[in-house]
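Peer 1: model the structure of this input:
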Amino acid sequence: MQRNKPFSERIKSLNATSDHQEIAYLLVCHVFPWDTERALELALFRTFAIPSISRLTASTGELANRPRKRYDDTELILFEILEHGYDSERAKRAFNRMNKMHGSYAISNDDLLYVLSTFIFEPIWWNARFGWRPLRQNEKESGFYFFREVGRRMGIRELPDDMDAFEAWSKAYAAKNARFTENNYRIGKPTLDLVLGFYLPKWLFPVGRPFLLALLDEALVDNMGFRNPPGWIRKTMEVIMSVRKRIVAYLPERSKPKLGTRRRRPTYPEGYKIEEIGTFPQGDRKTETYSKTE
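Peer 2: Presented below is the predicted three-dimensional model:
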């Protein structure tokens, strides 16, 4: 029996087409904050397994040299859009900043489409396995409509109109293109250690790595150049995650939203300006000083 889930009940009455921004906000900030963040961390590895994406990402040096900053930058841009709505002034500034960064690099439309698809489908797949409940149909569709609009404002072409067709395309794109290269490992290893650092001291990273990798499918672990964990570790993680979801099902949902823009971040100890998030191409680099969040 699930108790104290007012936001889940609220979502039942909402329409995925017209209310997708509200549904997305409630899911991320009240209903599944931990699960969504974990799912999108795994989505990073799925994109890193595509050589054209890992090659470009490695070329910036950000993930190898400053993985926490890259992680925070990505989260802040998305949370600005999610928390304020994509028609808000802050979201418009976030889109401008993101599009300026992306416009500095030669990124194929298919790669942009694939990255976008992982933000839609990874939370669906995660919750089906590890969430305290699977996502309902209107919740799945809300993610699709939300990120399709995000993609439109990023200038991504050929955005699918059908969620199932987009999921099939995403899986086919990964099946065709995902394979191991050195760049996959070069950016995947510091990202893996960054995620481990949210839970463990550095000296325990070697112990924790196989348990974290057990959350990834075997083909993805191979494509990243990591060693697949033994079966007993995978089974142990399945048990741990199964126990967790049973416990969370009885816990109340967050009454106060978990806002990513208000989180303390070591990257930006004094806060941040949207226009100073992320990387700057050669010749356009600003002095990296940050003011308190506006």
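Peer 1: by mean pLDDT, point me to the weakest helix or strand of the protein.
Peer 2: Every helix and strand of the chain was ranked by mean pLDDT, DSSP states H and E. The lowest is helix 62-65, at a mean of 78.
Peer 1: elements contacting it?
Peer 2: Helix 62-65 sits against helix 67-84, helix 182-196, with contacts defined as 3 or more CB pairs under 8 Å, 6 or more residues apart in numbering; DSSP states H and E. From N, CA and C alone the C-beta is placed, and that goes for glycine too.
Peer 1: got the CA positions of it in CSV?
Peer 2: Output of helix 62-65 as CSV, limited to C-alpha atoms (Å, rounded to 0.1, in the frame of the first residue of the first chain):
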residue,chain,number,x,y,z
GLU,A,62,35.9,19.4,-19.5
LEU,A,63,35.0,15.9,-18.3
ALA,A,64,38.5,14.7,-18.0
ASN,A,65,39.7,17.8,-16.1
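Peer 1: in it, which residues are buried?
Peer 2: Buried residues in helix 62-65, counted by 16 or more other CB atoms under 10 Å: Glu62, Leu63, Ala64.
Peer 1: dump the residue contacts of the second one.
Peer 2: When you say that, I think you mean Leu63. By CB atoms under 8 Å, 6 or more residues apart in numbering, the contact set of Leu63 is Thr57, Arg70, Ile187, Pro190, Thr191.
Peer 1: try 6 Å
Peer 2: Thr57, Arg70, Ile187, Pro190 (CB atoms under 6 Å, 6 or more residues apart in numbering).
Peer 1: next one: phi and psi at the residue nearest to the spatial centre of the chain?
Peer 2: The C-alpha lying nearest the average C-alpha coordinate of the chain belongs to Leu40 (CA atoms, centre = their mean; 2.6 Å). Phi and psi for Leu40, reported as degrees, to the nearest 10, are phi -70, psi -20.
Peer 1: quick one: it from Phe121, how far?
Peer 2: Noted for Leu40: a distance of 11 Å to Phe121, by CB to CB, to the nearest Å.
Peer 1: any stretches of the stretch 151-294 of the chain with poor pLDDT?
Peer 2: The stretch 151-294 of the chain contains residues with pLDDT under 70 at 279-294.
Peer 1: in it, which spans are helices?
Peer 2: Ranges of helices within the stretch 151-294 of the chain are 163-177, 182-196, 205-213, 218-224, 231-248, based on DSSP state H, counting those that start in this stretch.
Peer 1: what's next to the fourth one, contact-wise?
Peer 2: The set of residues that contact helix 218-224 without belonging to it, under CB under 6 Å, 6+ apart, is Phe45, Ala49, Ala178, Arg179, Phe180, Asn184, Gly188, Leu213, Asn228.
Peer 1: 8 Å instead?
Peer 2: Against helix 218-224 from outside (CB under 8 Å, 6+ apart): 45-46, 48-49, 178-180, 184-185, 188, 213, 216, 227-229.
Peer 1: right, and out of those, which lies closest to Leu135?
Peer 2: Arg46 (17.9 Å; CB to CB).
Peer 1: what is the helix or strand harbouring Tyr25 packed up against?
Peer 2: Assigned by DSSP states H and E, Tyr25 falls within helix 20-26. Counting contacts by 3+ CB pairs under 8 Å, 6+ apart, helix 20-26 is packed against helix 6-12, helix 67-84, helix 137-153.
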